[in-house]
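1. return a 3D structure for these sequence lines:
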Amino acid sequence: MLTVLDAGKARKLILKTLRILALTLACAAVLIPLAYLVINSVKLQRDMYTVPPIIIPKQITFEHFQVTLSNPRTLRFITNSLIVTTITTTVTVLCSTLAAYGLARMGLRAGWLASVIFLFLFIRFYPRITTVIPYFLVMRQFDLLDTVWAIIIGHLGITIPFVTWLMLIVFQDLPREVEEAAMVDGAGPWQRFSRVALPMAAPGVASAAILTAFLSWNEFLIASSVAKRQAQVLSIAVASFVTDRGVQWGPMAAMSIIMIVPMILFALFVQRYLVRGITLGAVKG
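-> The predicted structure is shown next:
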């Protein structure tokens with residue numbers, strides 16, 4: 001009896017140790033590059049190219065941040081990123097939520113619904129590089145090159161299919177009995193959506209908005225293809241430090257910190273909504 005108990009305790013201890021080890025490795029994989037980025041942002045330029053590399057600098061400087069923040073274009077980069085992310089997120093959530101609710105309640109046959117879902121996923125995951133040149137030509141035809149609208153339209157082509165698929169799953173997992181009761185009380189389609197389904201799906205909507213904001217804020221390929229100067233965003237600003245004269249590691253690291261700090265603060269603030277949205281429908285009572 002004691003042997004069985006000891007074996008059970010040993011198994012639990014091993015599993016707990018493995019979990020801690022896995023979490024430690026995952027945290028290290030995320031935090032070590034971030035820590036090295038912070039170190040590079042305050043490292044002297046002469047210390048960037050030493051062999052072996054200097055991990056902990058003896059002297060730090062905030063010159064890279066000063067140079068980056070004193071550049072008047074930096075404010076424009078930040079403003080453009082905020083405009084693009086805000087409009088993309090708002091339009092995506094509005095359009096995708098309505099589309100997903102309609103698809104979830106249309107009563108489509110399983111085969112048709114599977115085809116629609118496959119189309120959404122195909123649009124979301126096919127290689128973006130194949131559309132850069134055609135998209136550039138279309139934006140040039142409409143005289144939208146080097147405007148935030150060209151970036152926003154390109155981002156909507158990525159985010160709307162993905163969020164529609166995500167919200168479709170959320171609405172399918174909601175109990176229909178509540179909506180049927182509202183229908184008996186005389187509620188129309190819009191009332192059932194706005195007053196019944198949407199409040200129940202609020203965690204899913206919040207998580208969709210968060211994921212859309214992250215994607216739009218960090219996207220580079222579309223933005224770099226249609227924004228040459230006036231409409232450049234922070235992701236392009238970071239890449240601009242790779243020049244024909246070499247890589248300006250210090251300013252690049254400083255600009256990267258400026259870019260990721262808002263998203264880190266945003267993630268810390270909304271993480272509980274993201275977790276609730278991802279786990280919505282995972283447990284049904």
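2. make it CA atoms for all contacts and neighbour counts henceforth
-> Fine.
3. list the contacts for Ala254?
-> Val38, Ser41, Val42, His64, Phe65, Thr68 (Cα atoms under 8 Å, 6 or more residues apart in numbering).
4. most surrounded residue in the residues you listed?
-> The most crowded member of the contacts of Ala254, judged by other Cα atoms under 10 Å, is Ser41 (25 neighbours).
5. before we move on, the earlier item: ok, so of the contacts of Ala254, who is nearest Ile20?
-> Set against Ile20, the nearest of these by Cα to Cα is Val38 (25.9 Å).
6. moving C-terminal of the helix or strand where that closest one lies, what's the next helix or strand?
-> Per DSSP states H and E: Val38 is located in helix 2-41. Next helix or strand after helix 2-41 toward the C-terminus (DSSP H and E): helix 63-70.
7. continuing past that next one, what's the next helix or strand?
-> helix 72-105.
8. so how far is that following helix off the chain centroid?
-> How far helix 72-105 lies from its chain's middle: 11 Å, per Cα atoms, centre = their mean, to the nearest Å.
9. elements contacting that helix?
-> helix 148-173, helix 202-218, helix 234-239 (3 or more Cα pairs under 8 Å, 6 or more residues apart in numbering; DSSP states H and E).
10. any stretches of the stretch 1-150 of the chain with poor pLDDT?
-> For the stretch 1-150 of the chain, the stretches with pLDDT under 70 are 1-7.
11. buried ones in stretch 10-23?
-> Judged by neighbour count (16 or more other Cα atoms under 10 Å), stretch 10-23 contains no buried residues.
12. now what about it, what contacts it?
-> Nothing outside stretch 10-23 qualifies as a contact, by Cα under 8 Å, 6+ apart.
13. OK, contacts around Val84?
-> Counted by Cα under 8 Å, 6+ apart, Val84 has contacts Val148, Trp149, Ile151, Ile152, Ser216, Trp217.
14. so which of these comes closest to Arg76?
-> Nearest to Arg76 among these: Val148, at 11.4 Å, using Cα to Cα.
15. which one is the closest one nearest to, not counting chain neighbours?
-> Ala231 (5.4 Å; Cα to Cα, 6 or more residues apart in numbering).
16. distance of Asn40 from Tyr49?
-> 11 Å (Cα to Cα, to the nearest Å).
17. those two: which is more packed in?
-> Using other Cα under 10 Å as the criterion, Asn40 and Tyr49 rank with Asn40 on top: 26 against 10.
18. so the more buried one makes contact with Met255?
-> No. Between Asn40 and Met255 there is no contact under Cα atoms under 8 Å: 11.2 Å.
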